[in-house]
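**Student:** coordinates only, sequence not included:
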């Protein structure tokens, strides 16, 4: 038996619809269409499975919230990721030492052991 659900395109993005549909592909065969105002979702349940349209709608809401939080927190995630990379120790080969590695911190003049955490973890904008 084919079940059908129509969802307002003004509320849910195409990406949200696709993520939601994908989460149900193990349990149903899903077909997606659209018209000017609605996403049209049709599915046939696989053997021994049953997807309630309300379950699909709840998953749409969950995916929409995830997408919204991704947008809201994108700058914070970029800063945290950049900070994690910037705070890591990078080793470079020194031409003078025939390829032996030295600490890249402070142009190789100071080893990691002699540096304090205050200097290593100093903020980007702190000068």
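**Tutor:** The structure has been received and is ready for your questions. It should be emphasised that the depicted structure is a prediction, and the values quoted were computed from it without experimental measurement.
**Student:** contacts, neighbours, all on C-alpha from now
**Tutor:** OK.
**Student:** touching, residue 27 and residue 43? I think so.
**Tutor:** No. The pair residue 27 / residue 43 is not scored as a contact, 9.7 Å apart, by Cα atoms under 8 Å.
**Student:** of these two, which one has the most company?
**Tutor:** Between residue 27 and residue 43, counted using other Cα atoms under 10 Å, the more crowded position is residue 43 (21 against 17).
**Student:** for the nearest residue to the more buried one once chain neighbours are set aside, the count of nearby residues, please.
**Tutor:** Residue nearest to residue 43 in three dimensions, not counting chain neighbours: residue 30, with 4.3 Å by Cα to Cα, 6 or more residues apart in numbering. Counted with other Cα under 10 Å, the neighbours of residue 30 add up to 18.
**Student:** list the buried residues of the helix or strand where residue 30 lies.
**Tutor:** Assessed by DSSP states H and E, residue 30 sits inside strand 28-34. Within strand 28-34, the residues that qualify as buried by neighbour count (16 or more other Cα atoms under 10 Å) are 28, 30.
**Student:** for that strand, which helices and strands make contact with it?
**Tutor:** Judged by 3 or more Cα pairs under 8 Å, 6 or more residues apart in numbering; DSSP states H and E, strand 28-34 is in contact with strand 38-45.
**Student:** residues in contact with the strand it packs on?
**Tutor:** Here strand 38-45 makes contact (Cα atoms under 8 Å, 6 or more residues apart in numbering) with 1-9, 27-34, 51.
**Student:** can you pull the phi/psi pair for residue 36?
**Tutor:** Residue 36 adopts backbone torsions of phi -60, psi -30, taken as degrees, to the nearest 10.
**Student:** can you give me the pLDDT of it?
**Tutor:** Note on residue 36: pLDDT of 95.
**Student:** same check, this time on residue 121
**Tutor:** Note for residue 121: predicted pLDDT of 66.
**Student:** over to residue 87?
**Tutor:** At residue 87, the pLDDT value in this model is 68.
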